[in-house]
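**Q** Compute the structure for the input listed below.
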Amino acid sequence: MIQDYDVISCKGLPLFEKARIKAPFSYGTQLEERACFFYVLDGSYETIDPFGTVILDSKEALIKRCGQHISKYIKTPEKSQCEAVVIYFYPEIIKEAYKNEIPDFLTDSKKALPPIRFSSSDLIDSFISNLMIYFEEKNLMDDELAIIKLKEIILLLLKTEQQPSVLRFFSDIFFPSKLKFTSIIENNLYSRVTIDQLAFLCGMSVSSFKREFNKQYQESPAKYLKRRKLAHAAKLLTTSSDRISDIAYDCGFEDVTTFSNVFRMEFNISPSDYRKSQNTNSLN
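**A** Model prediction:
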């Protein structure tokens, strides 16, 4: 549930947003023709998009194309809410920021790029802290200053260790590419998403998604995803010492009870007994 929301606009478009969310909370959004910089002020956040899943904690951020994505604000024993700032990058506003001449470094992308994750950075943290002033004193912010602040965050991102990826990413805003259907499926095999949500990430209705899925994989989405998740879980049970609850989570199951029940139905043995039996066989 959204507890607090504030926005600063430029040219009639929301440019800077700040929100405080009571966790757990999730929603799906489809925002075309823009990208964004998402910075977690406090709490934990998970985003699922055609490239897969990214989880952020306090003072972590990512830059991504908006498109279809699912946002999940996570409740933890320490935190029951999440606060975040979003900066949007619109091609038309970036063009105006650079006097309608797109810099050469923004025009060389040839393929779709995944979100770029950023850990805590003094430069970026200071920028966000400074930006908070304008949410409190909106009379200080006008379109001209908003564009200056937009250019500032772009330049700061270009000074991070991820500079090569940032260059290609901003280029992709002007020359967007789309992932193949099968790439979206493979990227999200172990994401905790429903069939409806997976169809949403592909930009399709559920019925169209199921038809395309059967065409590509000759199997229903539910059967294929369950089979792949369980195969991956079985491999992890024999090749890692991870806890069974962690394996369940990493393979896209909501909880260990559901995972254990599904695993037993598939293999006629519990995950723990399967691990013991495989370890015994390897010793012999």
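
**Q** What's the mean pLDDT across stretch 85-92?
**A** Mean pLDDT, stretch 85-92: 90.

**Q** Let me know how buried the residue nearest to residue 209 when sequence neighbours are not counted is, in neighbour terms.
**A** Of all residues beyond its chain neighbours, the one nearest residue 209 is residue 199 (3.5 Å), with distances taken as C-beta to C-beta, 6 or more residues apart in numbering. Bear in mind the C-beta positions are built from the backbone N, C-alpha and C, glycine included. Neighbours of residue 199 under the rule other C-beta atoms under 10 Å: 21.

**Q** My guess is residue 199 contacts residue 206. True?
**A** Yes - judged on C-beta atoms under 8 Å, residue 199 makes contact with residue 206 at a distance of 4.7 Å.

**Q** the helices in the stretch 101-250 of the chain, which residues?
**A** 122-136, 143-157, 163-174, 181-187, 195-201, 206-217, 221-239, 244-250 (DSSP state H, counting those that start in this stretch).

**Q** closest one to residue 88 among the ones you listed?
**A** Residue 88 lies closest, by C-beta to C-beta, to one member of these: helix 143-157, at 8.9 Å.

**Q** ok, and for stretch 56-68, which residues are buried?
**A** 56-68 (16 or more other C-beta atoms under 10 Å).

**Q** quick one: residue 206 and residue 194 touch, right?
**A** No - Residue 206 is beyond contact range of residue 194, at 9.7 Å (criterion: C-beta under 8 Å).

**Q** ok, these two, which is more surrounded?
**A** Comparing residue 206 with residue 194 by other C-beta under 10 Å, the one with more neighbours is residue 206, at 15 against 12.

**Q** burial measure for the residue found closest to residue 150 once you drop the neighbours it is linked to in the chain, as a count.
**A** Of all residues not flanking residue 150 in the chain, residue 97 sits nearest, at 5.7 Å (C-beta to C-beta, 6+ apart). The number of residues packed near residue 97 is 18, by other C-beta under 10 Å.
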